[in-house]
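> coords below, sequence missing:
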Ligand SMILES: Cc1cc2nc3c(=O)[nH]c(=O)nc-3n(C[C@H](O)[C@H](O)[C@H](O)COP(=O)(O)OP(=O)(O)OC[C@H]3O[C@@H](n4cnc5c(N)ncnc54)[C@H](O)[C@@H]3O)c2cc1C
């Protein structure tokens, strides 16, 4: 039998999350932060104080051991309550990235930030000419007179203005094969030569995404993370898992929009009855619910596979593609149910609609998910 | 210091269904810790922490309260152990019966200070604390908004209508605390995980040597009849307006 029941501990943890959220009464605050394009510090502090940053960071480093599936439930629930996209306080996976390959000093620095709920680093991956095609990254590292110098132009770096570091991929220029030529560095964002310029985006206003120019940035050899030339493979280690957590945001944001729209359908009256009595509205509600159930099932199953040691190489692409689109459709339908009010910034659904859209683009576009999963599925079929 | 917090397991209000005949259906309601008891638990835990003592929780009710999730929910809020007294007779227990059962349990556990919530989240008669103190024959106070520990006694503050009463109360004592005495902690994952490992003692009436008989007979419990809104709006703050406002209220009383 398949068990869909959360454990009592998971349920109680989610109850605590809801209690913090309720106590904080964050809704108006988020609206204000969104309008002013600032990070919701106060709300994040409350979540950190309530222990949500510690989850998943090993106990011996001051965190609270927590399995990956539970981290997903917590993130989903936070977004379902209305937590702003890209602003969740838990950095356990970033910490884990560094714990896997970093030096002791790097681990200590990143752990410390993670425990405080600060996103330790912006991901320095995308460049103007290297989006879906990471192999085109051109930022380069040079070693001159015992100095390590980085030059390059990264773009779409989320939280570059807030994170103390960039996890920067740069070419060693030693190996023809680009994938074997990247090294990974923890580049301090306050170095001379680093210039940060925020991008003007249509959503996710509480979290900036920036362009970063690095001109003759002098770092230390000790800023290298892991092994020179292995940067790309190191980055891939947690990538599938991180992708799944992003998908938990899709499920959460869709639920948030759904909850509000369904309640509205039950009370908004037109033509002398509630709009929820019209079958065209009911159809939307039913289809939204089906998509939410499907999203949860596909995300939870992938999480379960990962937890039981199975590969989620294909799954993570399927989940990313499906939840990005399904969540967008749910939120779009939610806006439709709200009518005109849904298109105003007074209504939370408008924020979800602007913010969630990017999940179909960032961390691998939905087309690239076809590109990765499609080939793998055919290969898998031929093996049988 | 040995501190005991009494807490009641109650149905979630939002899940209670009012039937057409105004009777209440709690059958589908999930059970939870009474909301007014959370500050009592928090205060007990703080008192125990400050005195390197022990905080125990005491819940009495029917067998449904012996539920593993509820037990973890209760113990995740910081207390060291839990005592559960269950008997089907508690389904319809009134304040007097409840106080008798709690008194027997509290005596068996041993205590310096018993802390109750302001009232139960379901009945909210605000009687159990006072009756419990009386049965134990110790000092008892309600409406306590602050507790300071001071050796063999506690200094309490009670917010009355015009003044704040400050009293030094020798222990042992029973107090009922208001909801603004503290902001109860929200359990973190490590508290929740630890809760499952804390000791739970289960007693029936037989273990306590209590037999309860109620002096009270409940004839019916009904939800208030719902009424149409009157849609009377009085605007302005002149004496004449206030007069109209007052007349309207009087008419309804
Ligand atoms: C808000 C936001 C935050 C971001 N945060 C970060 C970050 O923190 N760090 C970081 O490094 N990057 C970040 N990104 C960048 C993001 O990952 C890229 O935008 C994404 O990978 C796509 O790259 P691109 O924009 O260059 O599009 P392109 O790769 O140029 O793609 C353009 C179009 O072509 C399609 N396409 C490309 N290749 C193929 C193919 N092989 N088959 C079919 N179709 C294809 C794409 O799907 C897309 O529709 C962020 C982006 C945004 C918008």
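Arrived safely. Keep in mind that what you see is a predicted model, and the values were worked out from it rather than measured.

> and residue B:121, helix, strand or coil?
coil (DSSP: H, G, I helix; E, B strand; the rest coil).

> which residues does it contact?
Listed by CB atoms under 8 Å, 6 or more residues apart in numbering or on different chains, the contact partners of residue B:121 are B:8, B:10, B:13, B:34, B:35, B:36, B:37. (Each C-beta comes from the backbone N, C-alpha and C, glycine too.)

> Restrict those to the buried ones and give me that as a ChimeraX selection.
Buried subset of those, written as a ChimeraX selection, criterion 16 or more other CB atoms under 10 Å in any protein chain shown:
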select /B:8,10,34,35,36,37
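
> Output the contacts of residue B:121 in a markdown table; the columns should cover secondary structure.
As requested, the contacts of residue B:121 are exported to a markdown table (three-state DSSP):
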| residue | secondary structure |
| --- | --- |
| B:8 | coil |
| B:10 | strand |
| B:13 | helix |
| B:34 | coil |
| B:35 | helix |
| B:36 | helix |
| B:37 | helix |
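
> Of the contacts of residue B:121, which pair is most distant in space?
Greatest spacing in the contacts of residue B:121, by CB to CB: B:13 and B:37 (14.3 Å).

> still on that earlier bit, between the contacts of residue B:121, which is closest to chain A?
For the contacts of residue B:121, the residue nearest chain A by CB to the nearest CB is residue B:35; the value is 11.0 Å.

> got a list of what the closest one touches?
Residue B:35 neighbours (CB under 8 Å, 6+ apart): B:121, B:179.

> Residue B:185 and residue B:42 touch, don't they?
Yes. Using CB atoms under 8 Å, residue B:185 is in contact with residue B:42, at 6.2 Å.

> Mind listing the shared neighbours of these two?
Joint contacts of residue B:185 and residue B:42 (CB under 8 Å, 6+ apart) are B:77, B:78.

> Please say which of these two ends up with more neighbours.
Higher neighbour count among residue B:185 and residue B:42: residue B:42, with 22 against 17, using other CB atoms under 10 Å in any protein chain shown.

> Number of residues surrounding the residue of chain A found nearest the ligand?
Nearest residue of chain A to the ligand (CB to the nearest ligand atom) works out as residue A:131 at 1.6 Å. For residue A:131, the count of nearby residues is 15 (other CB under 10 Å).

> Check residue A:332 too.
18.

> quick check, it in a strand?
No. Residue A:332 is assigned helix when assessed by three-state DSSP, not a strand.

> isn't it right next to residue A:353, touching?
Yes. If you go by CB under 8 Å, residue A:332 and residue A:353 touch, sitting 6.6 Å apart.

> How about the contacts made by residue A:280?
With CB under 8 Å, 6+ apart, residue A:280 has no contacts at all.

> quick revisit: what is the nearest of the contacts of residue B:121 to residue A:25?
Distances from residue A:25 to the contacts of residue B:121, taken by CB to CB, are shortest for residue B:35, at 16.8 Å.

> Run a quick neighbour tally on residue 180.
All of this refers to chain A. When neighbours are counted by other CB under 10 Å, residue A:180 registers 14.

> my question was about chain B
For residue B:180, using other CB under 10 Å, the count is 11.

> now the one 10 residues further on
Using other CB under 10 Å, residue B:190 is surrounded by 17 other residues.

> Find me whatever residue is spatially closest to it, sequence neighbours aside.
residue A:64 (5.0 Å; CB to CB, 6 or more residues apart in numbering or on different chains).

> Tell me which residues touch that neighbour, please.
If a contact means CB under 8 Å, 6+ apart, then residue A:64 has A:51, A:54, A:55, A:56, A:57, B:188, B:189, B:190 as its contacts.

> In helices, which of the residues you listed appear?
Taking DSSP state H, the ones among the contacts of residue A:64 that sit in helices are B:189, B:190.
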